[in-house]
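K.L.:
sequence and computational prediction follow.
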Amino acid sequence: ICVLCTFTSLRMSSLNRHMKIHSDEKPHLCHLCLRAFRTVTLLRNHMNTHTGTRPYKCSDCDMAFVTSGELARHRRYKHTLEKPFKCTLCKYCSVEASKLKRHIRSHTGERPYHCSLCSYASKDTYKLKRHMITHSGKSLSCHNESYLFYARIAF
DNA sequence: TATCTCTAGCGCCCCCTGCTGGT
DNA sequence: ACCAGCAGGGGGCGCTAGAGATA
């Protein structure tokens, strides 16, 4: 049992590894952007984003991905059409949990993302970002910096 | 013990659609 | 009626973090 959080494991080795997340130790450094990672695997995946290396290739189309998880998700979206996350209130189902979470907000009416300049509130972050254009008149891509400024105030 | 694999999660961007107000 | 602007709903991918599985 971790004394710092709710984590529990049957293996001492898992607990030892877990304890590292409570420290800031990130010994694996990307020499291209100086970002640091806890594990070599994370660094390797990150380096692949710099080099464009995509080892996980889809057998049914030309797509390729940095991680196996991305490939698995792609295959669900495009090939197997498996949608394990099902809404209990309607027939909607999704490939991803986060999509179901976003969908459920359409039932609950929850709008966690508030505009700092008017009464508008959004159900997801990108809608708020898009909404911010109406205050500035700038294009979405030109608006990133001011959006981040507004977001810091709002959140 | 190190590495691989899987799952979870946040984010970004895009598309389509419906509503609304101006012309 | 038509069009532009805007918001709602959702699809798809990029990337990182953490933990289980395995070599």
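P.N.:
Yep, it's here. On a predicted model such as this, the values are computed, not experimentally measured, just so you know.
K.L.:
which residues of chain A lie near DNA strand B?
P.N.:
Remark: the part of chain A in contact with DNA strand B comprises A:13, A:16, A:39-41, A:44, A:67-69, A:72, A:96-98, A:101, A:125-126, A:129, A:140-141, A:144, using C-beta under 7 Å from any atom of the strand. Using the backbone N, CA and C atoms, a C-beta is placed for each residue, glycine as well.
K.L.:
give me the most central residue, chain A.
P.N.:
residue A:98 (8.6 Å; C-alpha atoms, centre = their mean).
K.L.:
stretch A:122-131: which residues count as buried?
P.N.:
For stretch A:122-131, a neighbour-count test (16 or more other C-beta atoms under 10 Å) marks A:122-123, A:128-129, A:131 as buried.
K.L.:
from the contact counts, what lies against the strand or helix carrying the residue nearest to the centre of chain A?
P.N.:
If you go by DSSP states H and E, residue A:98 is part of helix A:97-108. On a contact count with 3 or more C-beta pairs under 8 Å, 6 or more residues apart in numbering; DSSP states H and E, helix A:97-108 meets strand A:85-86, strand A:93-94.
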